[in-house]
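Peer 1: got a predicted model here, sequence first, then my questions.
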Amino acid sequence: MLDTTLWDTDLIRRYDQAGPRYTSYPTAVQLHDGVGSFELLHALRESRKAQRPLSVYVHVPFCANICYYCACNKIITKDRGRALPYLERLEKEIELVSCHLDRKQSVEQLHLGGGTPTFLSHTELRRLMAKLRSTFNLLDDDSGDYSIEIDPREADWATMGLLRELGFNRVSLGVQDLDPDVQRAVNRLQSLDQTRAIVDAARTLQFRSINIDLIYGLPKQTPESFARTLETIIALQPDRLSVFNYAHLPERFAHQRRINPDDLPSPADKLAILHNSIQQLSNAGYRYIGMDHFALPDDELASAQEDGTLQRNFQGYTTHGHCDLIGLGASSISQIGDLYCQNNTDIALYQQSLDNNQLATWKGLQCNGDDRIRRAVIQQLICEFRLDFTHIEGTFNIDFAGYFAAIWPQLQQMAKDGLIELNPHSITIRPAGRLLARAVCMLFDSYLSAANSPRLSRVS
């Protein structure tokens, strides 16, 4: 069964290392300034010619309060007036991008992320969605996956009603932890009642799916306290759960310096939290999808993993990996065919580009033949825990063992250690290795070096 995961402490300790999350291959670290708006416009026109369906991501960077653990691209401000100038530039970007696409290309997936998307007022949210509907082919029959990230402290029943009216049918709630001591240590005070109210509203208003985000490894957490948080969250019965590993990188994120490192759980306690969480979720009927994600067996992600159609892109696990991903807003990333490109992460420079009637493309990457082979390998391993060599050989006209001869001894060692099963025709990640799928994928990553490893979170 795909949902079978075995805990092997020795194996985890042996293969616990810094590694990418592989929302793409090559990863965003490899994007460079040699790719810009010219390449993006060419890719958009190719998408139009191929009539590929679309996935649209809109980044709203504003938050009213700082959460000390956060590693997202955001702007902390109490000034709600900052949203309108940003929205005006977003509308300009929508115009510049959409004119190179065809209205017949349906938007199967839409996601508003941040930041805090509901930092926007109800009027601004209506305006944004009206602009998207007037320029893109958004579906009107509720069949698309239209989701939005919610901070329960920044939403209420009226907000949820508006979002449902605007066409959203999936929500992702940021919770992280319910323990008051942990919340104070990370500057995110959020009551259970606030979270439950949004869950109740989503259910009453017939949102199709509810995801809840938690983080383990935060200051003041203990195995016992996080187990209580998880027990309470399970009782809310979200369709999906993300249990992320906190990476303490104060040298990269200045606000993480406000976290006292002495308050962080020990490595042993952190492993215990993860172990207990997997057991709790498994006992509650959740399936481990991979990469910190869990879902109920009847969820679309679980079904897609079962039938081999699950994919992964810059939005994480998805059933819409066949779509071209259009990223809008500061820092957002597009994936159109074999082109990846990212907008400027600096909001002032992002807005300046659009004021000059120019796209805000900052950097990017065009996948080459080797990238495409490795991307297919990593995608299959991280989504299905299995790789069929025949499929790769037939698709790319290579001899798998010969192409990857340099890493074959390492694969054999992983097989000897019990992480994978290796035979002449396939790799299967064993139940004890599924928490370490990234470690297997990293063998196929030709860009990895010691130079970039400190920027990455650990596998477990």
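Peer 2: Cool, the structure landed. Numbering: from 1, shown residues only.

Peer 1: quick one: average pLDDT of stretch 375-387?
Peer 2: Averaging pLDDT along stretch 375-387 yields 96.

Peer 1: what's that stretch in contact with?
Peer 2: Applying Cβ atoms under 8 Å, 6 or more residues apart in numbering, the external contacts of stretch 375-387 come out as 2, 22, 24-26, 290-291, 305, 308, 310-312, 317, 321, 367, 388, 391-392, 395-396, 426-429, 434, 437-438, 440-441, 444-445. For the C-beta atoms, the positions are set from N, CA and C on the backbone; glycine is no exception.

Peer 1: quick test: name the residue nearest the centre of the protein.
Peer 2: Closest residue to the average C-alpha location of the chain: Gly316 at 3.5 Å, with Cα atoms, centre = their mean.

Peer 1: residue contacts, that one?
Peer 2: Gly316 makes contact with 23, 291, 293 under the criterion Cβ under 8 Å, 6+ apart.

Peer 1: please repeat the previous calculation with a cut-off of 10 Å.
Peer 2: 21, 23, 111, 172, 211, 242, 289, 291-293, 301 (Cβ atoms under 10 Å, 6 or more residues apart in numbering).

Peer 1: quick revisit: among the contacts of stretch 375-387, name the ones in helices.
Peer 2: Within the contacts of stretch 375-387, residues falling in helices by DSSP state H are 305, 391-392, 395-396, 437-438, 440-441.

Peer 1: are any of those buried, and which?
Peer 2: In the ones in helices among the contacts of stretch 375-387, burial by neighbour count holds for 305, 392, 437-438, 440-441, counting by 16 or more other Cβ atoms under 10 Å.

Peer 1: closest one of those to Arg188?
Peer 2: Taking Cβ to Cβ as the measure, Arg188 lies nearest Arg438 of those, at 27.2 Å.

Peer 1: rewinding a little: could I get the ones in helices among the contacts of stretch 375-387 as TSV with distance to Arg126?
Peer 2: Below are these laid out as TSV (distance: Cβ to Cβ, whole Å):
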residue	distance to Arg126
Gln305	36
His391	46
Ile392	47
Thr395	45
Phe396	47
Ala437	41
Arg438	41
Val440	46
Cys441	42
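
Peer 1: distance from the chain centre to stretch 438-449, please.
Peer 2: Offset of stretch 438-449 from its chain centre (Cα atoms, centre = their mean, to the nearest Å): 19 Å.

Peer 1: low-confidence regions, the stretch 151-300 of the chain specifically.
Peer 2: For the stretch 151-300 of the chain, no stretch is flagged by pLDDT under 70.

Peer 1: which residues in it form strands?
Peer 2: Assigned by DSSP state E, counting those that start in this stretch, the stretch 151-300 of the chain shows strands spanning 170-176, 209-216, 240-245, 287-290, 293-295.

Peer 1: list the contacts for the nearest residue to Gln194 once chain neighbours are set aside?
Peer 2: Distance criterion Cβ to Cβ, 6 or more residues apart in numbering; nearest residue to Gln194, sequence neighbours excluded, is Pro152 at 4.4 Å. If you count contacts by Cβ under 10 Å, 6+ apart, Pro152 has them with 118, 171, 173-175, 190-199, 201, 212.

Peer 1: just the buried subset of the residues you listed, please.
Peer 2: Looking at the contacts of Pro152 with 16+ other Cβ under 10 Å, the buried ones turn out to be 118, 171, 173-175, 190, 194-195, 197-199, 201, 212.

Peer 1: what helix or strand is the nearest residue in space to Asp145 that is not next to it in sequence on?
Peer 2: For Asp145, ignoring the flanking residues on the chain, the nearest one in space by Cβ to Cβ, 6+ apart is Gln109 at 4.6 Å. Gln109 is located in strand 106-114, with elements delineated by DSSP states H and E.

Peer 1: output the next helix or strand after that strand as PDB, nothing but the C-alphas.
Peer 2: With elements assigned by DSSP H and E, the helix or strand that comes after strand 106-114 is helix 122-135. Output of helix 122-135 as PDB, limited to C-alpha atoms (Å, rounded to 0.1, in the frame of the first residue of the first chain):
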ATOM      1  CA  HIS A 122     -13.500  42.700   0.200                       C
ATOM      2  CA  THR A 123     -13.700  45.400  -2.500                       C
ATOM      3  CA  GLU A 124     -10.100  44.700  -3.600                       C
ATOM      4  CA  LEU A 125     -10.700  41.000  -3.700                       C
ATOM      5  CA  ARG A 126     -13.700  41.500  -5.900                       C
ATOM      6  CA  ARG A 127     -11.700  43.800  -8.100                       C
ATOM      7  CA  LEU A 128      -8.900  41.300  -8.500                       C
ATOM      8  CA  MET A 129     -11.200  38.400  -9.300                       C
ATOM      9  CA  ALA A 130     -13.100  40.500 -11.800                       C
ATOM     10  CA  LYS A 131      -9.800  41.400 -13.500                       C
ATOM     11  CA  LEU A 132      -8.800  37.700 -13.700                       C
ATOM     12  CA  ARG A 133     -12.200  36.700 -15.000                       C
ATOM     13  CA  SER A 134     -12.200  39.400 -17.700                       C
ATOM     14  CA  THR A 135      -8.800  38.300 -19.000                       C
END
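
Peer 1: near Asn368, how many other residues are there?
Peer 2: For Asn368, the neighbour count with other Cβ atoms under 10 Å is 10.

Peer 1: ah, wrong one, I meant Ile278
Peer 2: Neighbour tally, Ile278, other Cβ under 10 Å: 19.

Peer 1: which residues touch it?
Peer 2: Counting by Cβ under 10 Å, 6+ apart, Ile278 has contacts 5-7, 243, 286, 288, 294, 434-435.

Peer 1: tell me the domain ranges of the chain?
Peer 2: Per automatic domain parsing, the domain ranges recorded for the chain read 1-26+369-460, 28-328.
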